[in-house]
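> sequence and predicted structure below; questions after.
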Amino acid sequence: MNDIWNTRKKSFFNILQSIFISLEFLATIVLYIFYFLRIIKFDKIGYFLFSNNEIVMGVTIIFPITLFCGSLKFQKVLLQPEDNNKILYNWPDYEKFKVTTYVGIIFCILPIIPTVISWANFSYYCTYDVGFYYVLLIVISSISVAELYVSQYEIKRILQK
């Protein structure tokens, strides 16, 4: 019973570490500072998202879905190693690596939410807020995809040694 508790506690701390000690979290803090100080005009992005133009609606959903599909492609290499990469399973930090990869994939799903809100055209949402959350989540998911991409090639480089 004690081993199960220690394993769950370790997994929980790995999840927290993957979220709070990351470039995504740093980007979130910086963008929230911009949000509260109104340095960037997020309302223009919100108006853009609220427009009824079919092209805008398509682009605003295609970009987050493309990022998500990219993250799934990279995670396949990272979490489902081929026969010659099975050595990853024996790596001592593999569980931590796996949790970090899953957190990155979750970050890539998030931008779809403000896009759906803008499509539903809920008038009680402020355009500044919708614009901010769209930018925030696109930046976070772009960082996650970039990290997954770099991780994929770093693992390939290490395994080829």
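Structure received.

> which SSE is the residue nearest to Asp43 when sequence neighbours are not counted in?
Spatial nearest neighbour of Asp43, chain neighbours left out: Tyr128 (4.1 Å); criterion: CB to CB, 6 or more residues apart in numbering. (C-beta placed from N, C-alpha, C; glycine too.) Using DSSP states H and E, Tyr128 falls within helix 127-159.

> quick one: distance of that helix to the chain centre.
In terms of CA atoms, centre = their mean, to the nearest Å, the centre of helix 127-159 is set 5 Å apart from its chain centre.

> go on, stretch 69-81?
13 Å.

> pLDDT (mean, whole number) over stretch 116-132?
Stretch 116-132 carries an average pLDDT of 73.

> got phi/psi on Ser22?
phi -160, psi 160 (degrees, to the nearest 10).

> how close does it get to Ala146?
As judged by CB to CB, to the nearest Å, Ser22 and Ala146 stand 12 Å apart.

> quick one, which of these two is more surrounded?
Neighbour count, other CB atoms under 10 Å: between Ser22 and Ala146, Ser22 has more, with 19 against 15.

> now the angle from the lowest-mean-pLDDT helix or strand in the chain to helix 127-159?
Least confident helix or strand of the chain, by mean pLDDT, DSSP states H and E, is helix 112-120 with a mean of 72. Relative orientation of helix 112-120 and helix 127-159, computed by axes from the mean of the first three to the mean of the last three CA atoms, to 10 degrees: 150 degrees.

> if I look at the spatially most central residue of the chain, how far off is Thr115?
Centroid check for the chain by CA atoms, centre = their mean gives Phe107 as the closest residue, at 2.4 Å. Going from Phe107 to Thr115 by CB to CB gives 15 Å.

> cool, Phe74 as well?
Note on Phe74: its distance to Thr115, by CB to CB, is 22 Å.

> ok, now Thr66?
As defined by CB to CB, Thr66 lies at a distance of 12 Å from Thr115.

> who's more crowded, the two?
Per other CB under 10 Å, whichever of Thr66 and Thr115 has more neighbours is Thr115, with 23 against 13.
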